[in-house]
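Asks: what follows is a protein structure lacking sequence information:
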């Protein structure tokens, strides 16, 4: 008969210390799932790609008298999803020597407030039938619209991304022309273009 060595229980700690450690670990394991409950992978990819799209916008080089760059995280009903994306953008601080001014707004508030020209709107949840209202505002105010949702670029949103074996920027060329936004040539070379 072969005697196997007795397994060592590395998680067993003496008394109260072990119980406290176990409770702390359980609470930390639960936190990410609560914090990311509604943040989909497409939202995370989109928020990570957004700074590259913004940096490719040649219109930002022209000074409008301010050094601020307004970025609006726009939601239809769920403000919490938009708020979860703010910290990732705040860490960036500035793009093309312009300080990021990030605001979380409902679609109704954005449409009523006439945002500044050359600002950026990141769509944080599908807008469905209300997307047309935002498209019209974006063209009028020269706003760069970014949506992580499949099909939005084809409907007129300026930029998004396409996932195949890799993630590529997706750009609506007609929307770019109508809103008079010019993206850098190198960015357009790597982007998938929707005509």
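Replies: Yes, it's here. The structure presented is a predicted model; accordingly, all values stated were derived computationally and were not measured. Residues are numbered from 1 along each chain as shown.

Asks: buried ones in the helix or strand hosting residue 42?
Replies: When elements are defined using DSSP states H and E, residue 42 is found to belong to helix 41-55. By 16 or more other Cβ atoms under 10 Å, the buried positions in helix 41-55 come out as 42, 43, 46, 47, 49, 50, 51, 53, 54. The C-beta positions use only the backbone N, C-alpha and C, and glycine is treated the same way.

Asks: ok, residues contacting that helix?
Replies: Defining contact as Cβ atoms under 8 Å, 6 or more residues apart in numbering, one finds that helix 41-55 is touched by 60, 69, 71, 81, 85, 88-89, 92, 95-96, 120, 122, 124, 144, 146-150, 159-161, 163, 167, 169, 183, 187.

Asks: and the following helix or strand past that helix with helix 41-55, angle?
Replies: Beyond helix 41-55 in the direction of the C-terminus, DSSP H and E gives the next helix or strand as strand 68-75. Compare the direction of strand 68-75 with that of helix 41-55 by axes from the mean of the first three to the mean of the last three Cα atoms, to 10 degrees and you get 160 degrees.

Asks: what are the pairing partners of strand 68-75, and which direction each?
Replies: Its sheet considered, strand 68-75 pairs with strand 98-106 (parallel), strand 120-123 (parallel) by DSSP bridges.

Asks: what packs against the helix or strand following the last one?
Replies: Using DSSP H and E, the helix or strand that follows strand 120-123 towards the C-terminus is helix 131-141. For helix 131-141, the contact count by 3 or more Cβ pairs under 8 Å, 6 or more residues apart in numbering; DSSP states H and E identifies helix 107-113, strand 120-123, strand 144-146, helix 152-155, helix 173-178 as packing neighbours.

Asks: what's the average pLDDT for the shortest one?
Replies: pLDDT averaged over strand 144-146 equals 95, rounded to a whole number.

Asks: what of the fourth one?
Replies: Per-residue confidence for helix 152-155 averages out to 94 on the pLDDT scale.

Asks: next secondary structure element downstream of it?
Replies: Sequence order places strand 159-163 as the next helix or strand after helix 152-155, per DSSP H and E.

Asks: now the angle between strand 159-163 and the helix holding residue 42, please.
Replies: Using the same axes, to 10 degrees, one finds that helix 41-55 and strand 159-163 are set 130 degrees apart in direction.

Asks: how far does helix 41-55 sit from the chain's center?
Replies: From the chain centre to the centre of helix 41-55 is a distance of 5 Å (Cα atoms, centre = their mean, to the nearest Å).

Asks: centroid residue for the protein?
Replies: Taking Cα atoms, centre = their mean, the centroid of the chain lies closest to residue 47, which sits 2.4 Å from it.
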